[in-house]
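K.L.:
Everything below, folded, please.
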Amino acid sequence: LLLVAAAAIAAWSLESWYRDLGLRTRQEVLEAQVIALIASADVDAGGRLVPQNLAEPRLATPGSGLYAEIVGSRGSWRSPSALGSGLNLAAQPAAGERSFERARLADGTRVLGLSLGIRWELEDGSARDFVVRAAESLEPWYQEIARVRTWLATGSALLALLLLGGLALALRIAL
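P.N.:
Purely as a prediction, here's the structure:
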């Protein structure tokens, strides 16, 4: 029983570590997307902050799983991938703050979003606050987690059976 419990605890620990590592990786990808949006953005004639080019091709492809928007007091900009998606991130961080949140799209797709508050200084010396957001679908990640769980459960069960068999054989020979 101790052997089986140890194998289950080891499998659970490895799955938890893998899940946390994957989530941190997704957060780093979103941070990179937000920085890329800010680096390519400029204020247009209407006072909206708009990226001049999209370095990530998935932002230009509807249904790609990567979404972005920039919200300001004079309007907002959405990436072509976010149009019609129902992306609705609620966080409104102050300038210099960031906020991660989980949300669902209109079709039920689970996403992880990052909202970063920034203060943009204009040429006339005034400043405006904007919230730059990026979100990524978590569905491929959840599928990967399910595969890892299956692999870990199978491997742990097989290892426990082999160890129990070896223990039974050793006891039989010894006795």
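
K.L.:
Any stretches of this protein with poor pLDDT?
P.N.:
Low-confidence segments of the chain, defined by pLDDT under 70, are absent.

K.L.:
Tell me the helix or strand right after the lengthiest helix in the chain.
P.N.:
Identified as the longest helix of the chain according to DSSP state H is helix 2-39. As assigned by DSSP states H and E, the chain's next helix or strand after helix 2-39 is strand 41-43.

K.L.:
Packing partners of that next one?
P.N.:
When contacts are defined as 3 or more CB pairs under 8 Å, 6 or more residues apart in numbering; DSSP states H and E, strand 41-43 sits against strand 49-51. Where C-beta positions appear, they are placed from N, C-alpha and C, glycine not excepted.

K.L.:
for the strand it packs on, packing partners?
P.N.:
strand 41-43, strand 66-72, strand 75-78, strand 127-137.

K.L.:
gap between it and the chain center?
P.N.:
From the chain centre to the centre of strand 49-51 is a distance of 23 Å (CA atoms, centre = their mean, to the nearest Å).

K.L.:
Okay, now the sheet partners of it, with direction.
P.N.:
strand 41-43 (antiparallel) (DSSP bridges).

K.L.:
Report the buried residues of the partner strand.
P.N.:
41, 43 (16 or more other CB atoms under 10 Å).
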